[in-house]
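Asks: Dropping a prediction and its sequence here:
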Amino acid sequence: MDRPGDLVAEATAAAASVDGLVTSIDVVVQPQSDGSANTNTVTLSVTTVEGTTLLVTLTVAGFSTHVPGDAQPSRFESLEALLDTVSPGYRSRFAGSLAAKLAALAAAPPSP
């Protein structure tokens, strides 16, 4: 992630990867004082299945948010790991989605 916009691209890809597993997710790029996009920090607004809205920050150090009960923001390597920690509904939807994909693979006719 050395080039400007890499974090924006990573945040956009992460948002797409959990689409349908959360209620909503938006990538927010805050402008700097000169009006240009701040590509060093990207915020994702995530509404979990449980209805909780999280502001998730992405920097070169990873994804972070305040997890209830933790004094400091918790850091995660991926958005999936963060959601797995804070949202039982995400875990359930992810498991269901994975099971459905595996069942579809098992039901597919073998390729010649």
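Replies: Here it is on my side, so go on. Here the structure is a predicted model, which means the values were calculated and not measured. Numbering: from 1, shown residues only.
Asks: Find the nearest non-adjacent residue to the residue positioned nearest the centre of the chain, please.
Replies: Central residue of the chain (C-alpha atoms, centre = their mean): residue 79, 3.4 Å from the mean position. Spatially, and ignoring its direct neighbours in sequence, residue 79 is nearest to residue 14 (4.1 Å; C-beta to C-beta, 6 or more residues apart in numbering). C-beta here means a position set from N, CA and C on the backbone, and glycine is covered the same way.
Asks: ok, and what's touching the helix or strand where the one you found lies?
Replies: Using DSSP states H and E, residue 14 sits within helix 6-17. With contacts defined as C-beta atoms under 8 Å, 6 or more residues apart in numbering, helix 6-17 is touched by 1, 25-27, 29, 37, 39-42, 44, 58-60, 63, 78-80.
Asks: Neighbours of residue 12, how many?
Replies: The local packing of residue 12 (other C-beta atoms under 10 Å) involves 15 other residues.
Asks: same question, the one 10 residues further on
Replies: Applying other C-beta under 10 Å, we find 21 residues neighbouring residue 22.
Asks: Can you give me the buried ones in the helix or strand of the chain with the lowest mean pLDDT?
Replies: Confidence across the helices and strands of the chain bottoms out at strand 74-76, with a mean of 90, counting by mean pLDDT, DSSP states H and E. Buried residues in strand 74-76, counted by 16 or more other C-beta atoms under 10 Å: 74, 76.
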